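# After the sequence you'll find the predicted model.
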Amino acid sequence: MPLPPRIEIENEHSTNTAHSVSSILLTSNNYQQQQQQQQNALSQLNPEYPLPKQEPLQGKVENLQQHKALETSDFWPPKGQKLQQDDVNQLTVGSVNQLTVNSISSEYSSTTNIDEYINRLLDAGYSSKVSKTLCLRHSEVTAICRAAMDIFLSQPSLLELSPPVKVVGDTHGQYTDLIRLFEMGGFPPSANYLFLGDYVDRGKQSLETILLLFCYKIKYPENFFLLRGNHECANVTKVYGFYDECKRRLSAKMWRTFVDVFNTLPIAALVAGKIFCVHGGLSPSLHSMDEIRNIQRPTDVPDYGLLNDLLWSDPAEIEGDWEDNERGVSYVFGKKVINEFLSKFDLDLVCRAHMVVEDGYEFFANRSLVTVFSAPNYCGEFDNFGAIMSVNEELLCSFELLTPADHPLAKERLKQNKISNGNINSNNNKR
């Protein structure tokens, strides 16, 4: 039996030691066949419009509920609407490294390597300015969303991962801080990553944040993982900023496209079968891990029930097991619930996000649960640190801390990296 996770604390100057590019996604007995189907579909993805009702989506979405949901998404025109040539964007992923976007419109037709999208997004981050327009075209954003959706649906609702992996909490559109997190923890593929959700809303650059994460997911589908947070939901993004940003910098229709992708995100993850990772917390409706595995996607977040609780619940110092949550959604749960959950499923630790904490991480219930929050100086108000939790092969858990961006050390580091990034781009242009 593996030893319980041992907790060590490392600061912002920690040295990244994870350099594996081998898949960390553990597979079930029949999952190899599913993976082969994924690669076949990605190599020839070229959906026809409108999608024939009797056929599953390229052999990938095989249940009627998922098929019906995708058929009504913005990737396909409404029933009865005549297809306009300008609306046809065909996506082919010949390998996980290259997107080919072919538009019937004469205005845009090109083959673009996914690395170019990543470079443009990183350049936008190092500029330290929020541009009124996005560095990617509408057709490129659509292509990225479509490829990301396909990969999310090809992988389970409950991910089973092997270490080493770095676990990241809320980022909330703080794009410069996201890049600083990668500088600290290592840019993919030098490290494996599991993000716990809440990529959008509140921050000024939710679009760059979510698109960079999607691009890394496309390029490294079995080493880079994104879970769903409570903010990856239509109703929440309508209120807390992402809808307005999409409308201002892209279009309201593109917001709907992102929501369609959010509805396909996986829900939770198990690391080495011992660390349960989720955005919010536990649920009184969770009696078996198969209940998470069997969550059908695409799906919106319901008003109550298992999925709602996994994204919304919080730990709390309470006498009982469950109480109503002050957020007005889901529940709070106490130490007894956590201990019973760990014992029942033979787990050692619950790792979640969803809550700003001063040091970027915070333990609860005698280190049986940890909250990881990765947006430093959250909303410009909290003066908190951000954190990454690193899990190595021996299940040793350590923390790398990110100072708020206005800290003198952070400003100097960003300046040096900006100079370094400019030199790299200059050398690339000379080639």
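Sure thing, it's come through.

# where along the stretch 201-350 of the chain do the strands fall?
All strands of the stretch 201-350 of the chain, identified by DSSP state E, counting those that start in this stretch, fall at 224-226, 268-271, 275-278, 314-315, 322-324, 331-333, 349-352.

# Quick check: can you name the pairing partners of the second one and their directions?
Which is strand 268-271. strand 158-161 (parallel), strand 275-278 (antiparallel) (DSSP bridges).

# In TSV, list the strands of the stretch 201-350 of the chain along with mean pLDDT and distance to E232.
For the C-beta atoms, the positions are set from N, CA and C on the backbone; glycine is no exception. Formatted as TSV, the strands of the stretch 201-350 of the chain follow (pLDDT from 0 to 100; distance: least, C-beta to C-beta, whole Å):
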stretch	mean pLDDT	distance to E232
strand 224-226	99	9
strand 268-271	98	14
strand 275-278	99	13
strand 314-315	98	18
strand 322-324	97	24
strand 331-333	98	20
strand 349-352	98	15
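
# Reformat those as a markdown table; add distance to F341 and mean neighbour count.
Output for the strands of the stretch 201-350 of the chain, formatted as a markdown table (distance: least, C-beta to C-beta, whole Å; neighbours: other C-beta atoms under 10 Å):
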| stretch | distance to F341 | mean neighbour count |
| --- | --- | --- |
| strand 224-226 | 22 | 25 |
| strand 268-271 | 12 | 24 |
| strand 275-278 | 8 | 26 |
| strand 314-315 | 11 | 22 |
| strand 322-324 | 12 | 14 |
| strand 331-333 | 9 | 23 |
| strand 349-352 | 7 | 24 |
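
# Tell me which stretches of the stretch 51-200 of the chain form strands.
So, for the stretch 51-200 of the chain - with DSSP E, counting those that start in this stretch - the strands run 89-95, 98-103, 110-113, 158-161, 165-168, 193-195.

# quick one: low-confidence parts of the chain?
1-21, 27-112, 406-431 (pLDDT under 70).

# Turn the strands paired with strand 268-271 into CSV, including distance to L311.
Formatted as CSV, the strands paired with strand 268-271 follow (distance: least, C-beta to C-beta, whole Å):
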stretch, distance to L311
strand 158-161, 14
strand 275-278, 8
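
# if we can go back for a sec, out of the strands of the stretch 201-350 of the chain, flag the one nearest P164.
The closest of the strands of the stretch 201-350 of the chain to P164 is strand 268-271. By C-beta to C-beta, the value is 9.5 Å.

# got a list of what L161 touches?
L161 makes contacts with 24-26, 192, 194, 225, 269-272, as judged by C-beta atoms under 8 Å, 6 or more residues apart in numbering.

# So for Y331, what's the nearest residue that isn't a sequence neighbour?
Distances taken as C-beta to C-beta, 6 or more residues apart in numbering put W322 closest to Y331, at 4.7 Å, once the chain neighbours are dropped.

# dump the residue contacts of the residue nearest to N339 when sequence neighbours are not counted.
On the basis of C-beta to C-beta, 6+ apart, the spatially nearest residue to N339 that is not a chain neighbour turns out to be S368, at 6.3 Å. By C-beta under 8 Å, 6+ apart, the contact list for S368 reads 335, 338-339, 342, 349-350.

# repeat that with 7 Å
Shown in contact with S368 (C-beta atoms under 7 Å, 6 or more residues apart in numbering): 338-339, 342, 349-350.

# Same list (those) but as TSV, adding distance to F276.
Output for the contacts of S368, formatted as TSV (distance: C-beta to C-beta, whole Å):
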residue	distance to F276
I338	10
N339	13
L342	8
L349	7
V350	5
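
# so which two of these are the farthest from each other?
Longest span within the contacts of S368, C-beta to C-beta: N339 and L349, 11.8 Å.

# what number of residues lie near the closest residue to Y240 other than its chain neighbours?
Excluding its sequence neighbours, the residue lying closest to Y240 (C-beta to C-beta, 6+ apart) is D201, at 3.8 Å. As a burial measure, D201 scores 24 neighbours (other C-beta atoms under 10 Å).

# just checking, D201 touches K238?
No - using C-beta atoms under 7 Å, D201 makes no contact with K238, being 9.9 Å away.

# re the thing from before, just tell me which of the strands of the stretch 201-350 of the chain ends up closest to T403.
That would be strand 349-352 among the strands of the stretch 201-350 of the chain, by C-beta to C-beta, at 22.1 Å.

# what sits up against the helix or strand where F363 lies?
If you go by DSSP states H and E, F363 is part of strand 361-364. By C-beta under 7 Å, 6+ apart, the residues outside strand 361-364 that reach it are 315, 370-372, 387, 389, 399.
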